[in-house]
Structure formats: C-alpha cells, structure tokens
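>>> Turn this into a model:
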Amino acid sequence: MGTAKIGIVTVSDRASAGVYEDLSGKAIIDTLNEYLLSEWQAVYEVIPDERELIEATLKRLADVEGCSLIVTTGGTGPAKRDVTPEATEAVCDRMMPGFGELMRQVSLQYVPTAILSRQTAGLRADTLIVNLPGKPKSIRECLDAVFPAIPYCIDLMEGPYLECNEAVIKAFRPKK
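Predicted coordinates:
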C-alpha cells in the first residue's frame, strides 16, 4: 500500500501567540518513529483552539491528504477553549470510546486529574482519529497503551499495513 500518511495536529492557542516550540507534536513524531518500521509520512499542523478550524483540518487530513491515522494533541481538558473532542465527534461517522477509556485508565495511575481528560477517538470513512493529551510525558503513556490496537484497526479499514518495531511496541493482530 506504500507509505502511510499520518496526520499530527497540535491544538494550542500559544501557537498563534508568536514564538512557540511544539513539544507535543514533536513527542508524537518521535514516538511514532520509535514504534514504526514501515515507511510513513507525517502531515503536521499546529492550529489554535477553534472548533471550526479543528474540524476543517481533520476533514482535510482525512479526505484530501488521505491520512489513515490522525493523532491530535491538546484541547481535551475542561477549559472553555478545549474543544478538540467536540470537533472530532462532529467529523466522525462512528466513535471509538474504548480509546479514551483506556487512556484515562492508564493516566489515572500517574495523576488523579486524569478524570478531567476528555480524549476520544473516532472513524471518518477510512481514517482513525485519536485525541491525545497535551503533555509529552502523557502522550507517550497514552500512546503506549492504545497503539497496540491501532495497526489492526487500520487493517480492518483496509488502510496501509503498519509494521511495528516489536522491541519497542507490539501490535496486536489476531492469528489467522
């Protein structure tokens, strides 16, 4: 199937405020580089916390860019400007609540405020969209928890085959 396209979207109002180093987006890219042996291409965006812009970005990455996976970071808390889950739900055909449930369960092992997190995941046609928290340490903890299911999910949607570095993370695929 060739090179997999993976959208990485950092949602942060700090990005539009001038000098900003996106540690969260970099953490996702670094983690995926460790996880994946398959060729993949990042389609990377940094956008402000504006629901309409988040929705438009997710639609474009899925429908125009052809990303099989989109991973967002930021905008999942209880603040009034945190609207990433609402934008994700608005553009998805079907929701995948198990992703958010598992991420909160894992995060609760580290911080009691994980119950404030509203991460979710859903499917838009042939694209899996996963919302992650905004802190690099939390991003890795959550990706370590949910990523084993992601390659098989993409297989089921007839997307590109994602081969993992099993010394780092092992994807679960049922025995045939």
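
>>> Every contact and neighbour count from this point should use C-alpha atoms.
OK.

>>> which residues does Lys170 contact?
By C-alpha atoms under 8 Å, 6 or more residues apart in numbering, the contact list for Lys170 reads 148, 164.

>>> Can you verify it is assigned to a helix?
No: with DSSP: H, G, I helix; E, B strand; the rest coil as the criterion, Lys170 is assigned coil and is not in a helix.

>>> any idea how far Gly77 is from the residue nearest to the spatial centre of the chain?
Most central in the chain under C-alpha atoms, centre = their mean is Val71, positioned 2.0 Å from the mean C-alpha point. As judged by C-alpha to C-alpha, to the nearest Å, Val71 and Gly77 stand 16 Å apart.

>>> now do Val43
24 Å.

>>> same thing with Arg173?
On the measure of C-alpha to C-alpha, Arg173 and Gly77 end up 32 Å apart.

>>> Looking at those two, which one has more neighbours?
Gly77 (20 against 13; other C-alpha atoms under 10 Å).

>>> mind listing what that one touches?
Counting by C-alpha under 8 Å, 6+ apart, Gly77 makes contact with 116-118.

>>> The helix ranked longest in the chain: which residues count as buried?
For the chain, the helix that runs over the most residues, judged by DSSP state H, is helix 23-35. For helix 23-35, burial by neighbour count (16 or more other C-alpha atoms under 10 Å) applies to 24-25, 27-29, 31-32, 35.
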